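> build me a model:
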Amino acid sequence: MDRDPEQRRDGRPDRQADRRLDHRVDRLRAESRNGGRVGVTYKYFGAPNGATAARVPISMRPEELGGDELGMNGMFTKIKPETMAAMVLTGIEGVPLHKVPPLELVVLHPDYAVVKLPMTVVDPLRGIGEEAVGAAAFIWSTVPDRGGPRDAFNVYQLLHEWQDFSHRLHEAGHQPYCLVWP
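As a prediction, this is how the structure comes out:
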């Protein structure tokens with residue numbers, strides 16, 4: 001007679017086998033989190049408030065999300081929100097790197113997080129011209145010991161994208177948020 005390997009001879013469930021299975025599943029989860037998928041994806045988007053931002057769908061991969069579900073076209077990037085905030089504030093506002101305000105955590109889930117960026121990150125971009133964007137890009141490219149793009153032209157392009165994003169957020173009356181997932 002064949003016996004289920006997860007059951008003992010007396011027919012009762014094998015608790016030790018359950019624990020071994022749980023341990024294997026936990027180990028697989030940890031491996032996929034640490035090494036299975038490479039890198040982290042950031043989707044910047046706008047929402048009127050944190051409760052709305054927390055409902056951003058997370059079940060889909062970036063390529064399936066397309067436009068933004070909240071009425072704002074989102075931006076996918078590998079640039080983390082702390083770097084984006086520092087890039088704008090140090091380059092345009094002249095804020096020292098150690099004074100850049102922290103992000104506000106809206107949702108923390110094992111598979112993703114949603115963070116809110118300070119409004120000071122997008123507000124300064126709306127009123128500045130081409131020269132200021134160029135100067136900010138150059139300034140950021142010279143800041144030592146920081147993450148993100150180092151090439152001034154790449155920073156310049158990124159700041160232009162953020163300038164457009166800032167205008168769209170303002171027009172929609174939204175605040176900036178970022179969905180983060182591995």
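
> so what pLDDT did Ala17 get?
On pLDDT, Ala17 comes in at 46.

> ok, Val114 next?
92.

> now the one 10 residues further on
The predicted local confidence for Pro124 comes out at a pLDDT of 85.

> how many residues are close by it?
19 (other CB atoms under 10 Å). Yep, even glycine has a C-beta here, placed from its N, CA and C like the rest.

> what's the helix or strand for it?
If you go by DSSP states H and E, Pro124 is part of helix 123-126.

> output the helix or strand just after that helix in PDB with nothing but the alpha carbons.
Later in the chain than helix 123-126, the nearest helix or strand by DSSP H and E is helix 130-142. C-alpha atoms of helix 130-142 as PDB (Å, rounded to 0.1, in the frame of the first residue of the first chain):
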ATOM      1  CA  GLU A 130      16.800  75.600 -19.500                       C
ATOM      2  CA  GLU A 131      19.800  77.300 -18.000                       C
ATOM      3  CA  ALA A 132      18.800  76.200 -14.400                       C
ATOM      4  CA  VAL A 133      18.200  72.600 -15.500                       C
ATOM      5  CA  GLY A 134      21.600  72.500 -17.200                       C
ATOM      6  CA  ALA A 135      23.300  74.100 -14.100                       C
ATOM      7  CA  ALA A 136      21.500  71.600 -11.800                       C
ATOM      8  CA  ALA A 137      22.600  68.700 -13.900                       C
ATOM      9  CA  PHE A 138      26.200  69.900 -13.800                       C
ATOM     10  CA  ILE A 139      26.100  70.500 -10.000                       C
ATOM     11  CA  TRP A 140      24.700  67.000  -9.400                       C
ATOM     12  CA  SER A 141      27.400  65.400 -11.700                       C
ATOM     13  CA  THR A 142      30.000  66.900  -9.400                       C
END
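
> neighbouring contacts of helix 130-142?
Here helix 130-142 makes contact (CB atoms under 8 Å, 6 or more residues apart in numbering) with 86-88, 90-92, 128, 146, 148-153, 155-156, 159-160, 163.

> the same query, at a cut-off of 7 Å, please.
Helix 130-142 is contacted by residues Met87, Thr90, Gly91, Ile92, Arg150, Asp151, Ala152, Val155, Tyr156, Leu159, His160, Gln163 when judged by CB atoms under 7 Å, 6 or more residues apart in numbering.

> among the residues you listed, which one sits closest to Val107?
Distance ranking of the contacts of helix 130-142 against Val107, using CB to CB, places Met87 first at 24.2 Å.

> and the residue nearest to that closest one when sequence neighbours are not counted, what pLDDT?
Residue nearest to Met87 in three dimensions, not counting chain neighbours: Trp140, with 5.0 Å by CB to CB, 6 or more residues apart in numbering. Note on Trp140: pLDDT of 82.

> now do the end-to-end distance for stretch 169-182.
Using CA to CA, to the nearest Å, the end-to-end distance of stretch 169-182 comes out at 25 Å.
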